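[1] I would like the atomic coordinates for the input below:
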Amino acid sequence: MKVRNLFWREGSSLKYYVEYGDCVSFDTTYMTNKYNLPFAPFCGVTGHGHTCMFGCAFMSDEKIETFVWIFETFLESMGGKHPRSIITYQDKAMRAAIKQVMPDARHRIVSSTLNTSATTRTGIASQQKKVCKKSLKM
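    Got it, this is the predicted structure:
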């Protein structure tokens with residue numbers, strides 16, 4: 001038997017998610033591990049503007065069923081709490097999985113230029129904070 005996908009979260013991540021999980025950033029563009037598997041962190045921004053990680057996954061592929069498994073596993077690990085908003089890059093499979101697993105979440109797309117310019121910790125936090133504030137206004 002071969003491991004295809006792996007999800008992990010730390011115990012303290014649940015505490016952060018309860019407090020700051022209304023807006024979640026999810027990105028699978030990191031391919032820097034020796035197995036060439038996409039690394040997909042679930043991140044948020046604290047009330048002090050610091051980036052916090054809610055959980056992460058290693059994925060064998062980027063198919064709809066893989067994203068569905070990851071999102072369902074993430075939500076189960078977080079006690080079933082759904083984010084109000086999720087920020088991702090443009091991906092058809094990811095979009096379909098979000099609609100299926102988190103139908104009430106507002107899905108925001110981050111442009112590639114924003115992704116590139118937000119490579120520092122403070123850059124990511126400040127950019128995500130701006131998108132979250134805009135996204136959470138209903």
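[2] quick one: contacts for the one residue sitting closest to the centre of the chain?
    Central residue of the chain (CA atoms, centre = their mean): F26, 2.1 Å from the mean position. When contacts are counted by CB atoms under 8 Å, 6 or more residues apart in numbering, F26 touches 40-43, 86-88, 94. For every residue, glycine as well, the C-beta is placed using N, CA and C.
[3] buried stuff in the host helix or strand of Y17?
    Assigned by DSSP states H and E, Y17 belongs to helix 11-20. Buried positions in helix 11-20, judged by neighbour count with 16 or more other CB atoms under 10 Å: 13-14, 16-17, 20.
[4] re the thing from before, buried ones only from the contacts of F26, please, as a PyMOL command.
    Command for PyMOL, covering only those of these found buried under the criterion 16+ other CB under 10 Å:
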select buried, resi 40+42+43+86+87+88+94
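[5] widest-spaced pair of the contacts of F26?
    Maximum pairwise distance among those (CB to CB): 15.4 Å, between C43 and M94.
[6] how about the helices in the chain?
    Applying DSSP state H to the chain gives helices spanning 11-20, 64-77, 92-101, 112-117, 121-136.
[7] picking up where we left off before, ok, the buried residues of helix 11-20 vs V68, which is closest?
    Of the buried residues of helix 11-20, the one sitting nearest to V68 (CB to CB) turns out to be Y17, at 19.6 Å.
[8] dump stretch 81-92 to PDB, keeping only the CA atoms.
    Provided in PDB are the C-alpha atoms of stretch 81-92 (Å, rounded to 0.1, in the frame of the first residue of the first chain):
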ATOM      1  CA  LYS A  81     -16.300  24.700  11.400                       C
ATOM      2  CA  HIS A  82     -16.400  26.000   7.800                       C
ATOM      3  CA  PRO A  83     -14.500  29.200   6.900                       C
ATOM      4  CA  ARG A  84     -16.600  32.200   5.700                       C
ATOM      5  CA  SER A  85     -14.000  32.900   3.000                       C
ATOM      6  CA  ILE A  86     -11.300  30.900   1.300                       C
ATOM      7  CA  ILE A  87      -8.500  32.400  -0.800                       C
ATOM      8  CA  THR A  88      -6.800  30.300  -3.500                       C
ATOM      9  CA  TYR A  89      -5.200  30.600  -6.900                       C
ATOM     10  CA  GLN A  90      -7.200  29.800 -10.000                       C
ATOM     11  CA  ASP A  91      -7.700  26.000 -10.400                       C
ATOM     12  CA  LYS A  92     -10.800  24.300 -11.900                       C
END
